[in-house]
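Enquirer: pasting the sequence and the predicted model now:
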Amino acid sequence: MKNSIKKPNILFIITDDQGEWAVESEKNRDIKTPNLKRLANQGVTFDEFYCTSPVCSPARASIVTGKIPSCHGVQDWLKKGNLDAYKYPNMAELPGFDMTDKAIDYLKDHKTYIQYLADNGYNCALSGKWHLGDNITRKKGFKYYFTIGRGGCHYYQADIFDNNTLSISKEYITDTITNHALDYLEKMSNEHSPFYLSVHYTAPHSPWDASEHPQEYLDWYKDCEFKDTPNLPVHPWQVNTCPIGDTEERRKENLRGYYAAISAMDAGVGKILDKVKEKGLEDNTIVIFTSDNGMNMGHHGIWGKGNGTYPPNMYESSIRVPFIIKIPDCSNPGTKCSAMASQYDIFPTILELAGCKFELEPMQPGKSLLKQINNPLDNYDDRVVVFDEYSKTRMIKKNKFKYVHRYGNGPCEFYNLSNDPDEKNNLFGNKEYDEIIKTLKTDMEEWFDRYSTPEMDARKYDATGRGQEKMCYEEGAFDQSLEFYHESKQF
């Protein structure tokens with residue numbers, strides 16, 4: 001496909017379970033992310049960027065489709081449907097490999113922005129985690145495709161799919177993902193088409209024990225006291241979905257591994273940015289960095305993301321993610337944009353930046369962020385509302401008011417973040433805020449009714465955070481095997 005105007009290349013980097021707080025900044029002086037700092041100094045950082053759901057697969061599905069979980073139907077991390085395991089008897093001895101699994105393409109009825117890019121002349125590549133079902137079948141739009149068989153994996157001995165072969169990786173998976181990205185950059189920079197490269201790291205998802213990460217990066221945090229990360233008693237709703245720092249020794253081990261995973265990933269980002277520069281592509285390459293969902297590493301006493309508790313939580317640490325974007329000839333390098341935005345905005349933003357012809361579907365609520373990227377310091381009154389959902393828990397944030405509604409177990413929550421940014425004082429039930437809460441609830445329900453499909457409406461189902469095994473509307477779709485940290489849950 002020939003164009004009179006040269007289209008920009010796009011590099012999209014996404015991490016797994018990295019909260020907005022988990023980057024080097026004045027708020028967090030413990031962690032070391034020099035390459036993300038370098039990228040932020042060259043581009044625009046969004047202060048309030050939110051995931052659509054605080055767990056990996058639903059958030060990733062929303063990014064690529066521009067739709068919410070109550071529309072695309074991916075409502076928990078995908079425990080099953082990842083691949084036809086029976087075809088790979090050589091994997092039977094790999095710990096945790098489920099030989100009964102059968103592939104399900106959860107997004108087969110939804111067109112991704114990758115397909116639009118390919119339709120508009122882009123060569124597209126994936127290096128890393130897909131985890132949206134039937135993972136090892138190359139997804140439409142991708143010319144090059146390297147991924148993880150089951151979606152998630154350990155850092156060593158990961159099941160990787162490359163050149164139509166599923167095998168066990170012999171190296172640190174972060175390095176493997178980086179190296180494939182570098183190879184794809186080399187190939188695509190020599191082709192006569194613009195390229196889109198998705199680099200989907202599994203870092204810094206657990207496990208965090210020392211045997212899982214390079215000693216070089218663990219040593220960076222050997223003597224760290226982690227003073228910029230909360231140290232609180234374990235939350236009464238805590239469930240056993242990830243390692244819990246319930247002693248000082250375990251807290252530091254978890255944080256050391258989590259931070260080491262991020263710093264190792266950051267080093268990979270640095271290599272990729274260097275490659276872009278080496279190939280002379282900087283002046284025509286857009287770089288986007290973000291994460292699929294936030295993460296609590298002791299924040300609010302929680303270890304884990306939205307499914308670190310049951311019912312799911314919607315704390316800012318769970319739903320806010322880093323979002324940095326560098327465009328060619330950035331007019332405001334190193335600036336921060338305070339406009340609220342969400343992952344459902346990524347779909348139209350990428351397509352507009354790429355100059356693609358597209359028309360948003362009625363079920364896609366997002367808006368392009370091009371104005372905010374070009375004029376980050378302006379005020380945007382139409383950007384004062386953001387929404388989030390996880391199963392029977394939904395959230396609306398308007399200005400500094402935040403309302404969390406639970407249709408199932410657990411209480412509702414209301415916070416005035418202007419004077420309670422750490423969400424310590426739940427004001428739900430305070431008559432002073434009755435009218436505000438009523439209005440927020442009405443606005444929230446009208447919005448979700450507009451962008452949900454009845455069959456996929458998450459209020460009908462109970463995703464407990466233990467994984468999705470079938471289409472959400474099928475019987476037995478969600479694993480119900482909850483295991484609470486405390487003997488008696490308190491909600």
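Expert: Looks like it came in fine.
Enquirer: what about the helices in this protein?
Expert: Using DSSP state H, the helices found in the chain span residues 34-42, 56-65, 69-72, 113-119, 173-189, 215-220, 248-278, 316-319, 346-353, 370-374, 434-451.
Enquirer: redo those as JSON lines? Include mean neighbour count and mean pLDDT.
Expert: Placement of C-beta: from N, CA and C, glycine included. Supplementary listing: those in JSON lines, determined by neighbours: other Cβ atoms under 10 Å; pLDDT from 0 to 100:
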{"stretch": "helix 34-42", "mean neighbour count": "18", "mean pLDDT": "97"}
{"stretch": "helix 56-65", "mean neighbour count": "28", "mean pLDDT": "98"}
{"stretch": "helix 69-72", "mean neighbour count": "26", "mean pLDDT": "98"}
{"stretch": "helix 113-119", "mean neighbour count": "20", "mean pLDDT": "97"}
{"stretch": "helix 173-189", "mean neighbour count": "21", "mean pLDDT": "98"}
{"stretch": "helix 215-220", "mean neighbour count": "15", "mean pLDDT": "98"}
{"stretch": "helix 248-278", "mean neighbour count": "21", "mean pLDDT": "98"}
{"stretch": "helix 316-319", "mean neighbour count": "26", "mean pLDDT": "98"}
{"stretch": "helix 346-353", "mean neighbour count": "22", "mean pLDDT": "98"}
{"stretch": "helix 370-374", "mean neighbour count": "17", "mean pLDDT": "96"}
{"stretch": "helix 434-451", "mean neighbour count": "15", "mean pLDDT": "98"}
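Enquirer: JSON lines please, covering those and showing distance to R150.
Expert: Below are those laid out as JSON lines (distance: least, Cβ to Cβ, whole Å):
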{"stretch": "helix 34-42", "distance to R150": "27"}
{"stretch": "helix 56-65", "distance to R150": "12"}
{"stretch": "helix 69-72", "distance to R150": "20"}
{"stretch": "helix 113-119", "distance to R150": "21"}
{"stretch": "helix 173-189", "distance to R150": "12"}
{"stretch": "helix 215-220", "distance to R150": "25"}
{"stretch": "helix 248-278", "distance to R150": "18"}
{"stretch": "helix 316-319", "distance to R150": "24"}
{"stretch": "helix 346-353", "distance to R150": "25"}
{"stretch": "helix 370-374", "distance to R150": "35"}
{"stretch": "helix 434-451", "distance to R150": "30"}
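Enquirer: for K489, find the nearest of those.
Expert: In terms of Cβ to Cβ, the element of the helices of the chain nearest to K489 is helix 316-319, at 18.2 Å.
Enquirer: thinking again about what came up before, quick one: closest of the helices of the chain to H300.
Expert: It's helix 316-319; of those, that one is closest to H300 (Cβ to Cβ) at 6.8 Å.
Enquirer: got the CA coordinates for that closest one in PDB?
Expert: Written as PDB, here are the backbone C-alpha positions of helix 316-319 (Å, rounded to 0.1, in the frame of the first residue of the first chain):
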ATOM      1  CA  GLU A 316      -5.900   3.900  42.900                       C
ATOM      2  CA  SER A 317      -2.800   1.600  43.300                       C
ATOM      3  CA  SER A 318      -4.700  -1.200  41.600                       C
ATOM      4  CA  ILE A 319      -6.200   0.800  38.700                       C
END
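Enquirer: quick check: D274 vs Y217, distance?
Expert: 18 Å (Cβ to Cβ, to the nearest Å).
Enquirer: one more: W130?
Expert: Applying Cβ to Cβ to W130 and Y217 gives a distance of 25 Å.
Enquirer: cool, and I160?
Expert: 21 Å.
Enquirer: look up the closest residue to I436, ignoring the ones flanking it.
Expert: Closest residue in space to I436, ignoring its immediate chain neighbours: F401 at 6.1 Å, by Cβ to Cβ, 6 or more residues apart in numbering.
Enquirer: residues contacting C71?
Expert: 65, 363, 451-453, 456 (Cβ atoms under 8 Å, 6 or more residues apart in numbering).
Enquirer: ends of stretch 31-45, how far apart?
Expert: Using Cα to Cα, to the nearest Å, one end of stretch 31-45 lies 18 Å from the other.
Enquirer: cool, and stretch 460-469?
Expert: 16 Å.
Enquirer: OK, contacts around the residue positioned nearest the centre of the chain?
Expert: Central residue of the chain (Cα atoms, centre = their mean): D292, 0.1 Å from the mean position. D292 makes contact with 14-17, 51, 56, 59-60, 63, 321, according to Cβ under 8 Å, 6+ apart.
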